[in-house]
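Chemist: sequence unknown, structure follows:
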């Protein structure tokens, strides 16, 4: 259970860091740059803990990246009025399906 909480926190840190990219205005604003550095370092550290706890790298990364993409897209729509249309939502659904396939395949390989 702890590894899933840490993975969720890693996703949150990555989303925070990615959103700081927008606020950094091309790395010209020091506080957003500090936020994105801290966010990415935190995300990668937490992800490394999750991998050390036994979640396979492929699953960890697939969930981290897929959830991050979806959350950044939704959050940037709310914060910055970035586009989010049906085709983009369909793409995110395909990413989610890919995460499921990686997870099932990894589990099947582990039990074989």
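Modeler: Great, that's in hand. Predicted, not measured: the structure shown is a model, and the values here were computed from it.
Chemist: ok, the nearest residue in space to residue 69 that is not next to it in sequence to residue 37 distance?
Modeler: Distances taken as CB to CB, 6 or more residues apart in numbering place residue 95 nearest to residue 69, at 6.0 Å, with adjacent residues excluded. Where you see a C-beta, it was placed from the backbone N, CA and C, and this is true even at glycine. For residue 95, the distance to residue 37 equals 26 Å [CB to CB, to the nearest Å].
Chemist: Among these two, which residue is more densely surrounded?
Modeler: Shown here are residue 95 and residue 37; by other CB atoms under 10 Å, residue 95 has more neighbours (16 against 13).
Chemist: What residues sit buried inside whichever strand or helix holds that one?
Modeler: Using DSSP states H and E, residue 95 falls within helix 86-111. Neighbour counts over helix 86-111 (16 or more other CB atoms under 10 Å) mark 92, 95-96, 99, 102, 106 as buried.
Chemist: middle-most residue in this protein, spatially?
Modeler: In the chain, the residue lying closest to the centroid (CA atoms, centre = their mean) is residue 68, at 2.7 Å.
Chemist: so that one touches residue 18, yeah?
Modeler: Yes. Residue 68 lies in contact with residue 18 (CB atoms under 8 Å); the separation is 7.0 Å.
Chemist: residue contacts, the closest residue in space to residue 25 that isn't next to it in sequence?
Modeler: Nearest residue to residue 25, sequence neighbours excluded (CB to CB, 6+ apart): residue 32, at 7.6 Å. Residues in contact with residue 32 (CB atoms under 8 Å, 6 or more residues apart in numbering) are 20-21, 23-25.
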